[in-house]
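[1] I'd like to go over a predicted model; first the sequence, then the structure.
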Amino acid sequence: DAAVTQKPRYLIKMKGQEAEMKCIPEKGHTAVFWYQQKQSKELKFLIYFQNQQPLDQIDMVKERFSAVCPSSSLCSLGIRTCEAEDSALYLCSSSQSEGSQNTLYFGAGTRLSVL
Amino acid sequence: GDSVTQKQGQVTLSEDDFLFINCTYSTTTYPTLFWYVQYPGQGPQLLLKVTTANNKGISRGFEATYDKGTTSFHLQKASVQESDSAVYFCALTGNTRKLIFGLGTTLQVQP
């Protein structure tokens, strides 16, 4: 079974603070995706890395987030200045290669609460 | 752009009932279609996947057929159990590498 690890599981920040969450992709996977999920429903794509390089991201990430994959075994997603609307479950996923048919394997997520 | 539509936000059934969750998609290419299931406190996990039109994906009693004519990928199960209670997401990869999800359908199965 695939195992994507995310830390921490829970994160509480005050409005205006910085937040950082980490992801360890499944070993051997070269593609990493981050999604945001609010109220246990819609999964919103945030950013995609292939071989540690960001290839696609939404405007919100460009403007307020910082995301890097310094190695094939560690990625991180940061929010420079937290806002209430950032409260959500942040899900990291990885897949084996670049093909569109490859399955994404998800971690359990980091639940961020912004007070 | 690519999109997935799930019209049913919530489905409530009794054990042994038949399950049908509607999913339609839109893309200008040949998609790979997925159903993911998410249990409380967990990330989504793959339930089934189909890459070729008119093919059927089957897993754990669930099945879905890739219908290119109606651009649908409905999920069915003949007899649901309480343990099937979860959120089900239809998804596709099409013109881009990223997985596009529907809004999800919450299935509640009563004993």
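    Received, thanks.
[2] so what's residue A:1 scoring on pLDDT?
    pLDDT, residue A:1: 51.
[3] residue A:63 in helix, strand or coil?
    helix (DSSP: H, G, I helix; E, B strand; the rest coil).
[4] could you report the distance from it to chain B?
    Residue A:63 is 19 Å from chain B, where distance means Cβ to the nearest Cβ, to the nearest Å. All C-beta spots, glycine's among them, are computed from the backbone N, C-alpha and C.
[5] that residue and residue A:80, how far apart?
    Between residue A:63 and residue A:80 the distance is 9 Å, computed by Cβ to Cβ, to the nearest Å.
[6] ditto for residue B:108
    Taken as Cβ to Cβ, the span from residue B:108 to residue A:80 is 39 Å.
[7] quick one, phi/psi of the residue in chain B that chain A sits nearest to?
    Chain B approaches chain A most closely through residue B:43 (3.2 Å), counting by Cβ to the nearest Cβ. Per-residue torsions, residue B:43: phi -80, psi 170 (degrees, to the nearest 10).
[8] pretty sure it contacts residue A:111?
    No: contact between residue B:43 and residue A:111 fails when scored by Cβ atoms under 8 Å: they sit 11.4 Å apart.
[9] ok, these two, which is more surrounded?
    Between residue B:43 and residue A:111, counting by other Cβ atoms under 10 Å in any protein chain shown, residue B:43 is the more crowded of the two (22 against 18).
[10] which residue, other than its chain neighbours, is closest to the more buried one?
    residue A:106 (3.2 Å; Cβ to Cβ, 6 or more residues apart in numbering or on different chains).
[11] check contacts around the one you found.
    Listed by Cβ atoms under 8 Å, 6 or more residues apart in numbering or on different chains, the contact set of residue A:106 reads A:4, A:91-93, B:43-45.
[12] one more: residue B:43?
    Contacts for residue B:43 (Cβ under 8 Å, 6+ apart) come out as A:4, A:91, A:93, A:106-109.
[13] what do you get for residue A:19?
    A:11, A:13, A:78-79, A:82, A:86, A:112, A:114.
[14] quick one, helices of chain A?
    A:59-64 (DSSP state H).
[15] close to chain B: what parts of it are there?
    Within chain A, the positions lying close to chain B (Cβ under 8 Å from any Cβ of the partner chain) are A:4, A:31, A:33, A:40-43, A:45, A:48, A:50, A:55-56, A:91, A:93, A:98, A:100-101, A:103-109.
[16] and these, which of them are buried?
    The neighbour-count test (16 or more other Cβ atoms under 10 Å in any protein chain shown) marks A:4, A:31, A:33, A:41, A:43, A:45, A:48, A:50, A:91, A:93, A:100, A:103-107, A:109 as buried among the residues of chain A next to chain B.
[17] interface residues of chain B facing chain A?
    Counting by Cβ under 8 Å from any Cβ, chain B sits next to chain A at B:32, B:34, B:38, B:40-46, B:49, B:51, B:87, B:89, B:93-94, B:96-101, B:103-104, B:106.
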